[in-house]
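S.K.: Model the structure of this input:
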Amino acid sequence: MDTYFEYLHTVGFEETNLVGNVYYVNYLRWQGRCREMFLQERAPAVLEDLQSDLKLFTLRVDCEFFAEITAFDRLSIRMRLVELAQTQLEFAFDYVHLGEGGERLVARGRQRVACMRGPNTRTVPSRVPDSLVQALEPYTRQRRAA
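M.R.: Numbers count the residues shown, from 1 in each chain. Next up is the predicted model:
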């Protein structure tokens with residue numbers, strides 16, 4: 001069993017600057033996209049819960065770069081569970097370039113998320129939904145075994 005959730009992505013021209021390097025903000029967008037695809041594939045009940053009053057607030061995000069990537073590079077964004085607390089989650093992201101010469105780590109990031117409920121004017125911290133805890137269980141087991 002894998003210790004991470006994988007989102008595959010091919011870099012497009014719109015994600016690069018005039019020099020041809022990927023804009024910083026796209027690495028952060030890919031973290032969000034990876035998290036969304038995890039929810040769609042592994043925790044669809046959370047998506048339904050988001051339609052009612054659940055809110056997933058990103059509290060902190062970062063990214064460290066090791067190598068540049070350009071248009072049409074193929075990437076694997078690998079999301080790993082770092083911490084599962086009562087009301088918050090923390091994920092780590094590895095950005096792996098998939099080239100003919102093999103895999104190469106090009107960046108690494110982290111993201112901390114808080115679960116909240118209630119109307120926008122009065123949101124309060126909420127426990128991580130059971131359906132999300134269950135979807136994360138395989139990754140929790142892998143972390144404990146490591």
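S.K.: mind checking which helix or strand of this structure has the lowest mean pLDDT?
M.R.: Ranked by mean pLDDT, DSSP states H and E, the weakest helix or strand in the chain is helix 130-145, scoring a mean of 81.
S.K.: which stretches of this protein form helices?
M.R.: Secondary structure of the chain (DSSP state H): helices at 24-42, 44-51, 130-145.
S.K.: okay, the ones you listed in a markdown table with distance to residue 87 next?
M.R.: (Each C-beta comes from the backbone N, C-alpha and C, glycine too.) What follows is the helices of the chain, written out as a markdown table (distance: least, Cβ to Cβ, whole Å):
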| stretch | distance to residue 87 |
| --- | --- |
| helix 24-42 | 17 |
| helix 44-51 | 14 |
| helix 130-145 | 12 |
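S.K.: Indicate which one of these is closest to residue 12.
M.R.: Smallest distance to residue 12 across those (Cβ to Cβ): 9.4 Å, for helix 24-42.
S.K.: Would you mark the buried spots in that closest one?
M.R.: 26, 27, 28, 30, 31, 34, 35, 37, 38, 39, 42 (16 or more other Cβ atoms under 10 Å).
S.K.: so who does the fourth one touch?
M.R.: In other words, residue 30. Going by Cβ atoms under 8 Å, 6 or more residues apart in numbering, residue 30 touches 7, 9, 75, 77, 93, 95.
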